[in-house]
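>>> Let me see the structure of the following:
(one chain, ligands or ions: 1)
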Amino acid sequence: MSALLFSPITIAGLRLENRICVPPMCQCRADDGLARAWHTMHYGRLMTSGAGLVVVEATAVSAEGRITTRCLGLYNEAQQQALAHLVRECRAVATGPKLFIQLSHAGRKGSRADPAVAKKVLSPGEGGFALIAPSEGAYFVGTPAARAMTQADIERVIEDFAAAARRAAAAGFDGIQLHAAHGYLLHQFLSPVTNRRNDQWGGSLENRMRFALAVISAVRAAAPELPLALRVPACDWIEGGWSLEDTAAFVVRAAQAGVCAVDVSAGGGLDPAQKLPAGHVTVQKFSRVVREASGIVTYVAGNITEPLQAEAVLAAGDADGVCIGREMIRNPNWGWMAAQELHAVVQAPASYIPAFF
Ligand SMILES: Cc1cc2nc3c(=O)[nH]c(=O)nc-3n(C[C@H](O)[C@H](O)[C@H](O)COP(=O)(O)O)c2cc1C
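Predicted coordinates:
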C-alpha cells in the first residue's frame, strides 16, 4: 500500500504534493522586520526538504505586534518587498512545495530582546515597545505590563491583520496561516485566563471568540484568493482555562468564516501558571477531536519525528497532515529519508538525487 504521508492533499483548491508540513519557527534574524540572507538560506533549504508545505515563521502585522525586536514584519512596503524576494528565491530553488506565511500579533508577549543576546522583555526606554492585550497585565511578574486594548485598538489591530494579508498576497505567498496559539494575541482573547474583559470582546465563549473571528473575516475579505489556515491551541493546561471542547467549537466557527485548514498545537506559552504534562505529549488525540468536530483539513504538531510515527497518525485518522518542526531543523532532508523508509517518491532537486537513491 502506498504511504499516506506522501499522498496529495488539497486545501481550498490548492494541491499539496504530500502531507508533511514544516511549521512556522521564529528565526529572530530580521532587521526592522526585514527578511535577510539568513531567511533565504533557511527557507530555501526547507523548500528542498521533501515537505509539501512550508510555513514562514510568525510575522508581525505591526511593529508593536512583534515578539522580539528581531522578528519578521509585514506592515510596510520594504518588508513586503523583502518577503516577495524571499518567495521568488524559494520558488527558484523548488516549485513543488507551497509556501504559507504565519501572521501574528504578540499582544502582552511582545517587546522581547533578541534571544541570542538576552532573555528579557525590553521597556520602551531600552528599545522595546508599549504592549497591548485584551486585559492589563504582564506575562512574567516584574516585566513591563500590557495595557488593556480600547475599542479603537481592537479595530486597528483587525485592520493591521487585513493589511498584512493584502501584503502577503502581493508578496506571492500561496496561503496565510493565522497564529491563534501559544499565548499570543488571538489566544489571549480566546482564553478566560488572559481575557478578563466585560464588554462584547470578553466574558462568554462567544464574546472571547469574537476578536479572532473578526480577524479571520477581515483577512478572508482582504485576501480572498489565498487559502486561509489557522493555528490553534489544543487547550490551556490550566484548570478553568480554554479547553479542547472550546477549541473544537472555535474551529467550527472559524471554518464557517472561511478557514480551510487548522493546525492543532499542544504547546504552552499562555501563562506561567500552565501545567504542561511532563515528557512526551501524545498530541494527536487533540487533533482527532478537532478534525471530527470541524471536518476541515487538520494538521497536528508536536514531537512527531519518525516517518512510521507520522504515517501511523494519518492511518489512525487522527489528522490529515503532520508538522515536522525541530526534527526538520536537525535533519532538513527529513522528507527524503521518510520517502525512502516508506517506499514513496518525493520531488527532489536533480543535483541531490545521487546522494539518496
Ligand atoms: C525555534 C522555534 C521557533 C518557533 N516559532 C514558532 C512560530 O513562529 N510560530 C508558531 O506557531 N510556532 C512556533 N514554534 C513551534 C513549532 O512550530 C512547533 O509547533 C513545535 O516546535 C512543536 O513541533 P516539533 O515537536 O515538531 O518541533 C517554534 C518552535 C521552535 C523550536
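>>> Going by C-alpha atoms from here, please, whenever you check contacts or count neighbours.
Fine.
>>> In contact with Gln200, which residues are there?
By CA atoms under 8 Å, 6 or more residues apart in numbering, Gln200 lies in contact with Asn207, Arg210.
>>> cutoff 7 Å now
Asn207 (CA atoms under 7 Å, 6 or more residues apart in numbering).
>>> and what of Arg108?
Leu131, Ile132, Ala133, Ala138, Tyr139, Ala146.
>>> make it 6 Å
By CA atoms under 6 Å, 6 or more residues apart in numbering, the residues touching Arg108 are Leu131, Ile132, Ala133, Ala146.
>>> The ligand versus Phe16, what's the distance?
To be clear, residue 16 is Leu; Phe isn't right here. 19 Å (CA to the nearest ligand atom, to the nearest Å).
>>> If you could redo that for Ala78, that was the one I meant.
For Ala78 relative to the ligand (CA to the nearest ligand atom), the value is 21 Å.
>>> From the chain's centroid, how far away is the host helix or strand of that residue?
Here Ala78 sits within helix 77-93, counting by DSSP states H and E. From the chain centre to the centre of helix 77-93 is a distance of 19 Å (CA atoms, centre = their mean, to the nearest Å).
>>> Go through the contacts of Arg108 and give me the one with the most neighbours.
Ala133 (28 neighbours; other CA atoms under 10 Å).
>>> For the helix or strand where Ala248 lies, C-alpha coordinates in CSV please.
According to DSSP H and E, Ala248 maps onto helix 244-256. Written as CSV, here are the backbone C-alpha positions of helix 244-256 (Å, rounded to 0.1, in the frame of the first residue of the first chain):
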residue,chain,number,x,y,z
LEU,A,244,-10.2,21.2,23.9
GLU,A,245,-14.0,21.5,23.6
ASP,A,246,-13.6,25.2,23.2
THR,A,247,-11.0,24.7,20.5
ALA,A,248,-13.4,22.4,18.6
ALA,A,249,-16.2,24.9,18.9
PHE,A,250,-13.9,27.7,17.8
VAL,A,251,-12.6,25.8,14.7
VAL,A,252,-16.2,25.0,13.6
ARG,A,253,-16.9,28.8,13.7
ALA,A,254,-13.6,29.6,12.0
ALA,A,255,-14.4,27.1,9.2
GLN,A,256,-17.8,28.9,8.7
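>>> And the next helix or strand along the chain from that helix, what's buried?
Scanning forward in sequence from helix 244-256 by DSSP H and E, the next helix or strand is strand 261-265. For strand 261-265, the neighbour count (16 or more other CA atoms under 10 Å) marks Ala261, Val262, Asp263, Val264, Ser265 as buried.
>>> Ok, stretch 221-231 next?
Ala222, Ala223, Leu226, Pro227, Leu228, Ala229, Leu230, Arg231.
>>> Which elements pack onto the host helix or strand of Gln340?
According to DSSP H and E, Gln340 maps onto helix 334-341. The contact analysis (3 or more CA pairs under 6 Å, 6 or more residues apart in numbering; DSSP states H and E) places helix 334-341 against no helix or strand.
>>> What are the buried residues along it?
Trp334, Gly335, Trp336, Met337, Ala338, Ala339.
>>> For Ile324, see how far away the fifth one is.
Spelled out, that is Ala338. 11 Å (CA to CA, to the nearest Å).
>>> and what of Ser2?
20 Å.
>>> where does the stretch 151-300 of the chain have low pLDDT?
Scanning the stretch 151-300 of the chain for pLDDT under 70 picks out no residues.
>>> re earlier: neighbour count: Ser2 and Ile324, which is higher?
Taking neighbours as other CA under 10 Å, Ser2 and Ile324 compare with Ile324 leading, 24 against 10.
>>> Could I get the CA-only coordinates of stretch 341-352 as CSV?
Extracted C-alpha coordinates of stretch 341-352, given in CSV (Å, rounded to 0.1, in the frame of the first residue of the first chain):
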residue,chain,number,x,y,z
GLU,A,341,11.7,4.5,4.6
LEU,A,342,8.0,4.4,3.4
HIS,A,343,8.9,3.4,-0.2
ALA,A,344,7.5,6.6,-1.6
VAL,A,345,8.7,9.2,-4.1
VAL,A,346,9.4,12.8,-3.2
GLN,A,347,10.3,15.5,-5.7
ALA,A,348,14.0,16.3,-5.2
PRO,A,349,16.4,18.6,-6.9
ALA,A,350,18.2,16.7,-9.5
SER,A,351,21.7,17.6,-8.2
TYR,A,352,20.9,15.9,-4.8
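>>> Name the residues of the helix holding Ala78 that are buried.
By 16+ other CA under 10 Å, the buried positions in helix 77-93 come out as Gln79, Gln80, Gln81, Ala82, Leu83, Ala84, His85, Leu86, Val87, Cys90, Arg91, Val93.
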